[in-house]
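Enquirer: structure of the sequence below:
(2 chains)
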Number of protein chains: 2
Amino acid sequence: MSVLGLVGCGLLGGSFALAAKQQDCFSTVLGRDHSDSVEKTAKRVEVIDDVWSPGVSVDAVCVAVPTYAIASVVESLASEIGADIPIFDVGSVKASVLSELKEVPSNFIPCHPIAGSHTSGPEAAQADLFQGSVCVISPTESTNRELLDLVGKWWRVVGSRVITMSAHSHDEVVALTSHLPHLVSVAVVELLMSQDRSTEDLLGSGFRDFSRIAGGDAEMWRSIFVDNLDNIRVGFQDLASRIEHMLSLAESDPDELEQKLKRIATFRDSINGE
Amino acid sequence: MSVLGLVGCGLLGGSFALAAKQQDCFSTVLGRDHSDSVEKTAKRVEVIDDVWSPGVSVDAVCVAVPTYAIASVVESLASEIGADIPIFDVGSVKASVLSELKEVPSNFIPCHPIAGSHTSGPEAAQADLFQGSVCVISPTESTNRELLDLVGKWWRVVGSRVITMSAHSHDEVVALTSHLPHLVSVAVVELLMSQDRSTEDLLGSGFRDFSRIAGGDAEMWRSIFVDNLDNIRVGFQDLASRIEHMLSLAESDPDELEQKLKRIATFRDSINGE
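Expert: Numbers count the residues shown, from 1 in each chain, chains lettered A, B, ... in the order given. Coordinates of the predicted model:
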C-alpha cells in the first residue's frame, strides 16, 4: 500500500491527488492544510482520504502551497521524513524557492505543472486537470536521479509531458508566458472597476476571455508576483515599449501596423488549442 | 418584399444578415464587398442571396466595413438612395466616423453591436452571434427618430439589448473595455514571438484565453487603433501606472497587493458570463 502525503489541499494539489490515485500511483492520500476548513472540505469531496497526522509515514509528498511557503514546508518535511522519500512541489516560481532553502535536500524535486484554472480550492480539483499539459521539472546538481525519474513518471501518468529546464530559465519564461499576462489582465480589470458601473454593459466575450485569469487565487498570485518580480519587471518594460511602438505606428504607418497585426494573429492561431 | 443591402460581407455584417433574415426582418439580402472572392463566398454560404448591383433599390443598408471606410461608404450611399432608407453601421468607433462626414445624413444610424469573434469572413457568420449581446446606438441631433426606432427594433429582434450613448462617451468606454485589452493582448503575443520557440511549450490554457482576441482581423483592428488612438493612449497611461503600482506593492506591501488582487478577482467573477 502506497501513501501520498499532500501539503496544501487546493486546486493543484487536490487535482494531482485525484489523478494519481485514479491511476493507481498511490492507494491512499493523506492531506494537510493550514486551513482546517480546507482540510475538512478536501476530505468531504474525497480529494484526501484523511488528515495527515504528524509522525504517520508516507511514500511521497506533494507540496502544493503558495510559492512563498514552499521552502519552509520542504525544510520541515526534510527533517520529518527519510531522504529516500521524494518531496515535490507544484509552484509557479522555482529560483527563489531554491535560494531560500539553506541546503537543497537531494529528495526535493522542483516541479511546475502548467495547468490551472481561475477557480480554486479542493472543490475545484479535477482528475483530468493535467491531461495534455506540460510539467516543467527543474533538478539541481544535488537532486537524487532515481527520485527525479519516479516523480517524472507520476506526472506522465497523470497526463503531463515532462520538460526539464533550469530554475533560472523556467522563471524567465513563465514571467512572459504566465505572470505578465496575469498582471496585465488584473490591471485592466482594476482600470474598469474604477469606471462608471455602466461600463460593464459594454464588456463582450473577448473581454471575458482576456480577463478570465484575473479571477485567480489572490494569495497564490501575490506570492508569484513577489517571488518572480525582477523577471516580471523586465517583461513589462519590453511589453510597454512594444505597445508604445504600435501606438506610434497607428499614427505614422498604419500599413506597417496592419502587417504586424497580421503576423501576430497568424502566430496566435498557430498556438496549440483554440 | 423587404430587401437588406449589405456593404461588407464579413463576420459582423454576415451575421446580422443571417439573423435578420431568419427573424423575417428582411426577405432578401443583397451584398457588396470590395473583395470579389468575399462576395462569392458570401453567396455560396448563403449569407447573401445575390450581389447588390448599382441602382437596385433596397429598404435598408447595413454598412459592415472597417471603421476607416465607413464615412466614405455612407456618403456614397446617401447620394445613391433615398433619405427615407435607413443606413446603419456596425463599427467599433463612432466619433471619428461622424467627424469625417461632411454632413451627417439624417438617415444614418451609428450602431456598434458588442459582439464578434477571433474568426472573420462570411464563413464565420452565425445567426446567433448577437443573442445576449449589447448594441450601442449613438444618434446625433440630426438623426431621423423614426428610422432610429426601426433600426433599434431590428437589433432587438436579432437578440441585442440596445443602449443609447453619445459617440464621444462610447469611444471612451470601448477604448477601455475592448481596444486596450486587444492592444495589450497582441503586444504580449508579439513579445512571445520574439522568444525561443520552446517558450510555446509553456503556454497554458490561461494564456490561450488571454490571447484569443489577438487572432482577430488585422485590417479591422488597424483601423480601430488609428480611429480611437487618443482614447487608447490615455487608457494605456492609466494602465501602465496601475501595473507599476502593483509591482511596487509586490516589493513594499505584499499584503496590500493581495487585498487588491482579491478585490479584482471578486469584481471579475461578478461580470456576467464565465
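
Enquirer: what parts of the stretch 1-150 of chain A come near chain B?
Expert: When proximity is defined as C-beta under 8 Å from any C-beta of the partner chain, the stretch 1-150 of chain A approaches chain B at A:114-118, A:133-134, A:136. C-beta: built from backbone N, CA, C; applies to glycine.

Enquirer: in chain A, which helix or strand is least confident?
Expert: Across the helices and strands of chain A, the lowest-confidence element by mean pLDDT, DSSP states H and E is helix A:205-211, at a mean of 93.

Enquirer: what separates that helix from the chain centre, distance-wise?
Expert: 21 Å (C-alpha atoms, centre = their mean, to the nearest Å).

Enquirer: follow-up on the earlier one: tell me the one of the residues of the stretch 1-150 of chain A next to chain B nearest chain B?
Expert: Distance to chain B, by C-beta to the nearest C-beta, is smallest for A:I114 among these, at 4.4 Å.

Enquirer: just list whatever residues bridge to that closest one.
Expert: Here A:I114 sits in beta bridges with A:V134, going by DSSP bridges.

Enquirer: the nearest residue to A:V63 once chain neighbours are set aside and B:H245, how far apart?
Expert: The shortest distance from A:V63 to any non-neighbouring residue, by C-beta to C-beta, 6 or more residues apart in numbering or on different chains, is to A:D89 (4.3 Å). The span separating A:D89 from B:H245 equals 30 Å under the rule C-beta to C-beta, to the nearest Å.

Enquirer: looking at those two, which one has more neighbours?
Expert: A:D89 (29 against 14; other C-beta atoms under 10 Å in any protein chain shown).

Enquirer: just checking, the more buried one touches A:C111?
Expert: Yes: between A:D89 and A:C111 there is a contact at 6.0 Å, judged by C-beta atoms under 8 Å.

Enquirer: tell me, how many residues neighbour A:E146?
Expert: Using other C-beta under 10 Å, the number of residues around A:E146 comes to 10.

Enquirer: so it, which state does it fall into?
Expert: Under the three-state scheme (DSSP: H, G, I helix; E, B strand; the rest coil), A:E146 adopts helix.

Enquirer: picking that back up, any chance of the residues of the stretch 1-150 of chain A next to chain B in CSV, with pLDDT and neighbour count too?
Expert: Converted to CSV, the residues of the stretch 1-150 of chain A next to chain B look like this (pLDDT from 0 to 100; neighbours: other C-beta atoms under 10 Å in any protein chain shown):
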residue, pLDDT, neighbour count
A:I114, 95, 23
A:A115, 91, 25
A:G116, 81, 23
A:S117, 79, 20
A:H118, 77, 20
A:S133, 94, 18
A:V134, 95, 19
A:V136, 98, 26
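
Enquirer: may I ask which two of those residues are separated the most?
Expert: Distances among the residues of the stretch 1-150 of chain A next to chain B were taken as C-beta to C-beta; the most separated pair is A:H118 and A:V136, at 21.0 Å.

Enquirer: quick one, phi psi at A:C25?
Expert: Phi and psi for A:C25, reported as degrees, to the nearest 10, are phi -70, psi -30.

Enquirer: and the closest residue to it other than its chain neighbours, how many neighbours does it have?
Expert: Closest residue in space to A:C25, ignoring its immediate chain neighbours: A:W154 at 5.2 Å, by C-beta to C-beta, 6+ apart. Neighbourhood size, A:W154 [other C-beta under 10 Å]: 24.

Enquirer: now do the one 3 residues further on
Expert: Applying the criterion other C-beta under 10 Å, we find 15 residues in the vicinity of A:V157.

Enquirer: and the residue positioned nearest the centre of chain A, which of the three is it?
Expert: The centroid of chain A falls nearest to A:S92 when counting by C-alpha atoms, centre = their mean (4.1 Å). Assigned with three-state DSSP, A:S92 falls in the coil class.

Enquirer: equivalent analysis for A:G159, please.
Expert: Recorded secondary structure, A:G159: coil (three-state DSSP).

Enquirer: what's the pLDDT at the residue nearest to the centre of chain A?
Expert: A:S92 carries a pLDDT value of 95.

Enquirer: likewise for A:E274?
Expert: Reading off the model, A:E274 has pLDDT 53.

Enquirer: same thing with A:V226?
Expert: Note on A:V226: pLDDT of 97.
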